[in-house]
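Engineer: Quick one, fold the following:
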Amino acid sequence: MPFSLSGLEIPGGINNFTWRSWQATIKTCMDAADFLRTAFKDYTVGAITASSKYAVQKIVSAVKPEYAHVVEYGAGDGVITREILARLPAAGRLAAIELNSQFLPELSTIGDPRLEVVHDDVLNCSEHLRSLGLPTIDAVISGVPFSFFHPAAREQIIRNTARAIDHGGAFIVYQYTPLILGLLKKYFLRVHVGFVGRNLPPYFVMVAEK
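Structural biologist: Presented below is the predicted three-dimensional model:
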């Protein structure tokens, strides 16, 4: 049964600031629990916990100012989606791919006209990236769990993505393991690997440049 904090009364001896802080902490824990429930029910969710602010900062820092048209594989609850939009120019566009319907209501609350949410499978979308209607594809950002894909499907997604990204663009991938590093090196000119320890679990952030 859903639990609401709005009807709770302030106990005696606790000031308003302390009470609001306590409510915020409880809400954060509830949000994290909801994310975990969704992640465990759907193997296509790339994270078992929401990304930390340090991980988000590291991931979106790879989005260069000249990247105006971006695709996101596995938008999830929109934490990274919002930060991508914050870096895009006013005329930029973001196509966010998300298969899990439970995340779609949260993504719809973003309310940014530059955002298009696409309810589809990443493998299928990677075959038709140009049909998304973006003038160019400057970058693709992905948090989908490549370790859960069959090796042939894994390589197909990476190959399709490399073909669709414009020259000078990048495939920015964050994963719990560097499993796909060899494939990225196979299809891209340069690959830079970073590590974010302040995330649970830690992330490898791989930036493959075309």
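
Engineer: Helices of this structure, residue ranges please.
Structural biologist: 16-41, 53-60, 79-87, 104-108, 122-127, 151-164, 181-187 (DSSP state H).

Engineer: surely residue 117 meets residue 99?
Structural biologist: No: using Cβ atoms under 8 Å, residue 117 is not in contact with residue 99, being 11.3 Å away. Just so you know, the C-beta spots here come from the backbone N, C-alpha and C atoms, and that holds for glycine as well.

Engineer: which regions of this structure sit below the pLDDT cut-off?
Structural biologist: Along the chain, the model assigns pLDDT under 70 to residues 1-50.

Engineer: if I pick residue 114, what's in contact with it?
Structural biologist: Each residue near residue 114 by Cβ atoms under 8 Å, 6 or more residues apart in numbering is listed here: 85, 88, 92, 93, 94.

Engineer: If we use 6 Å, what do you get?
Structural biologist: Neighbouring residues of residue 114 by Cβ atoms under 6 Å, 6 or more residues apart in numbering: 92, 93, 94.

Engineer: what about the second one, how many neighbours?
Structural biologist: Read that as residue 93. The number of residues packed near residue 93 is 21, by other Cβ atoms under 10 Å.

Engineer: what's across from it in the sheet?
Structural biologist: Under DSSP bridges, the beta-bridge partners of residue 93 are residue 69.

Engineer: wait, it sits on residue 69?
Structural biologist: Yes: with contact defined as Cβ atoms under 6 Å, residue 93 reaches residue 69; the gap is 5.3 Å.

Engineer: looking at it, residue 69 is touching residue 136, isn't it?
Structural biologist: Yes: with contact defined as Cβ under 6 Å, residue 69 reaches residue 136; the gap is 5.0 Å.
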